[in-house]
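**Q** below are the sequence and a predicted model for it; my questions follow.
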Amino acid sequence: MLNPPQRAAVLHTEGPLLVLAGAGSGKTRVIVEKIAHLVQSGRYPAKRIAAITFTNKSAREMRERVARRIKGEAAQELTVCTFHALGLKILQIDHAKLGLRRGFSIFDADDSSAQIKDLLPAGSKPDAIEAMKQLISRAKNAALSPEQALDAARSPREREAAALYARYQQRLAAFNAVDFDDLIRLPLHLLETDAEARAAWRERIGYLLVDECQDSNDAQYRLLKALTGAAGQFTCVGDDDQSIYAWRGANPENLLTLGSDFPALKIIKLEQNYRCSNRVLRAANALIAHNPHEHPKTLWSAAADGERIRVWECRDAAHEADKVAAEVQFITRKHEAPWSEFCILFRGNHQSRALEKALQLLRIPYHLSGGTAFLDRGEVKDALAWLRLLANPDDDAAFLRAVQAPNRGVGATTLAKLGEMAAHAHLSLARAAESISLCKQLQARAANALQGFVGIVHALRKAAHALPPAELVRKLNEASGLLAALKAQCKNEAQFQVRRRNLDELADWFDGPKTSGPGELAAALTLLAHADKGDAGNQVRLMSLHAAKGLEFRFVFIVGVEDGNLPHEASLEEGRIDEERRLFYVGITRAKERLWLSHAKEAQRWGDKLRLKPSRFLDELPAAELQRDGADPVADAENKQERRRMAIEDIRALLAK
């Protein structure tokens, strides 16, 4: 059953429509129902309807939902895709009009970087190559040709980029290729300059629906106008309060520009939220009210008020992570909730480190979205393989990785031969490598390399008896050659320092046990092993606030709510606090039932302690919806009592076993 505003949006089929859809207000359902109405009413055949999304994932999900709603061939005839996929379709049909031959290539990011590197002077640094690539991409996203980019240049660097842009396009033409940005720029150029092509595409696409319109850039917005014309047979769905991608070219002002470009524009607001408790919504409404609005919205829900939002003050990031992990474990026991109902949000991916460590120690399975989990980074996995081998000489998988990290001339042929001999002698690979008689059967160079490796392992195993695990890790990073190899692999000192910090941080993960010995090392390694995850989807989600958009979870934690982090320091300096407030708003409205906000009092930066201030955004939340640490002694006492009771139950269960 659609609510009245949703139904009005579905039934409006004549003229341009903007649906301002608040968080959790059922916007995807409106789009699906509108497509069904357009087809089933006979207003448009399915083949003349196009629905545009911003990610392949959302396009796939929308196709699946439409297919369940519309049966038969009609669902197959619809166009449901991203802006770039639609642009590709236009290029495939009209490639000749743009000087492309059939079967043109599409350069990915690496291909583009390689061409730009080749066009720049020899020895150009990776950062300079990336900077030029970004300037060219910015020009293309503004739908500028090389000549227009040169005219618009305001600095020597921008003029250099425009000249490079011209040479880069000549190179693409020679290869009969386009890059990712051209999938919007070239179709737009065609539609804006070729009346015949424009008329043909308006006939092909009779009705256009655009999801997340606030995330469109200038070129995408102009493509919308070129495809729909003055009649404006379209529905744009968006939320100016969730525009968080200005840093990659999105222009939320496009929602306002619609009104001036299409005077007949009808605006419908979706304000009923089907996701959050009313406490969460009241907090979100109060926060976002501090941003300027052309069309303000007030979200409301028929759900209960729910529990107050918890606000925690923590000593530092490690204390914060420990507190979050403990709360996740406690809530899981109390509510018998699966791990997948928890999400931990942060402003930057670097904040995941302390959280990963805390979750690992409590055996809580997690998935890090939009980044590589700390323990999955290559150099970290190499160091862990060495540690596992020190703890267990019979760990063949650890031996195979460690003996090749770094490369020491022990190749696949040598390892295959060693494996055959080890199997025949009923030995592990490491013990076979220690056997002088077996190594004599290998080529001299390979045998010498293996013996050198064995010598390092023996020395480190001896050190393991004298050093606590954390100090052993630091010694291993040097003695194994991992650090030296890492320095040789990195393109510059900055990259090396970033990856070196990963190895330094791994040592910090082992801090705690002060006793030494292989047994202590094995115990520490066991703590780092992931718990049995069961279903791959049943994990606590760790992600940045940007990555969380469009998702929802029963229990949500937002960490690092401090000035300089959220809002980000760069945004404060550049006066872009409105987008940071929208980002926090997105995080708050991911919570279905309960929300925790935490901030630290201090942080370690470059060896110094830095005092932190709670985010100014916390003062913009209504005090009545918050429960701060220590503000409610009765509730705190009850909480402690319940935790004590559950701890006693755990001890009794262990004794019973």
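**A** Done, it's in.
**Q** can you tell me what sits against stretch 281-300?
**A** With contact meaning C-beta atoms under 8 Å, 6 or more residues apart in numbering, stretch 281-300 is reached by 20, 22-25, 239-241, 255-256, 267, 269, 271-273, 276, 278, 301, 309, 578, 581-582, 584-585, 588-589, 595, 617, 620-622, 625-626. C-beta: built from backbone N, CA, C; applies to glycine.
**Q** poorly predicted segments of the stretch 351-500 of the chain, please.
**A** Scanning the stretch 351-500 of the chain with the threshold set as pLDDT under 70 gives 370-375.
**Q** ok, Tyr366 to Leu20 distance?
**A** Counting by C-beta to C-beta, to the nearest Å, the gap between Tyr366 and Leu20 amounts to 35 Å.
**Q** same question for Asn176.
**A** Taking C-beta to C-beta, one finds Asn176 at 43 Å from Leu20.
**Q** can you give me the strands in the stretch 551-657 of the chain?
**A** Taking DSSP state E, counting those that start in this stretch as the criterion, the stretch 551-657 of the chain contains strands spanning 553-558, 591-600, 602-605, 608-611, 626-628.
**Q** an error on my part: the question was meant for the stretch 401-550 of the chain.
**A** Taking DSSP E, counting those that start in this stretch as the test, the strands found in the stretch 401-550 of the chain are 540-544.
**Q** on that earlier part again, I'd like to know which of the contacts of stretch 281-300 are buried.
**A** Neighbour counting with 16 or more other C-beta atoms under 10 Å marks 20, 22-25, 239-241, 255, 269, 271-273, 276, 278, 301, 309, 578, 581-582, 584-585, 588-589, 595, 617, 621, 625-626 as buried within these.
**Q** among the residues you listed, which are located in helices?
**A** Using DSSP state H, the subset of the buried ones among the contacts of stretch 281-300 located in helices is Leu255, Asn278, Asp578, Arg581, Arg582, Phe584, Tyr585, Ile588.
**Q** now the nearest residue to Gln242 once chain neighbours are set aside: how far from Glu356?
**A** Nearest non-adjacent residue to Gln242, counting by C-beta to C-beta, 6 or more residues apart in numbering: Val586, 5.5 Å away. With distances taken as C-beta to C-beta, Val586 is found 23 Å from Glu356.
**Q** now do the contacts for the residue nearest to Asp194 when sequence neighbours are not counted.
**A** Sequence neighbours aside, Lys97 is the residue nearest to Asp194 in space, at 6.3 Å (criterion: C-beta to C-beta, 6+ apart). Residues near Lys97 by C-beta under 8 Å, 6+ apart: Leu190, Asp194, Ala197.
**Q** buried subset of those residues?
**A** For those, buried by 16+ other C-beta under 10 Å: Leu190, Ala197.
**Q** tell me the one of the contacts of Lys97 nearest Ala337?
**A** Proximity of the contacts of Lys97 to Ala337 (C-beta to C-beta) peaks at Leu190, which lies at 52.5 Å.
**Q** from Ala166, how far off is that closest one?
**A** To Ala166, Leu190 is 20 Å away according to C-beta to C-beta.
**Q** again, but for His426
**A** His426 is 68 Å from Ala166, by C-beta to C-beta.
**Q** and those two? Which one has more around it.
**A** Ranked by neighbour count (other C-beta atoms under 10 Å), His426 and Ala166 place Ala166 first, with 15 against 8.
**Q** is the more buried one within a helix or a strand, and which one?
**A** For Ala166, the host element (DSSP states H and E) is helix 156-174.
**Q** which parts of that helix are buried?
**A** Residues of helix 156-174 classed as buried under the neighbour-count rule (16+ other C-beta under 10 Å) are Glu158, Ala161, Ala162, Leu164, Tyr165, Tyr168, Gln169, Leu172.
**Q** bridged to the closest residue in space to Phe175 that isn't next to it in sequence, which residues?
**A** Using C-beta to C-beta, 6+ apart and skipping the chain neighbours, the partner closest in space to Phe175 is Ser105 (6.3 Å). On the basis of DSSP bridges, Ser105 takes part in beta bridges with Ala177.
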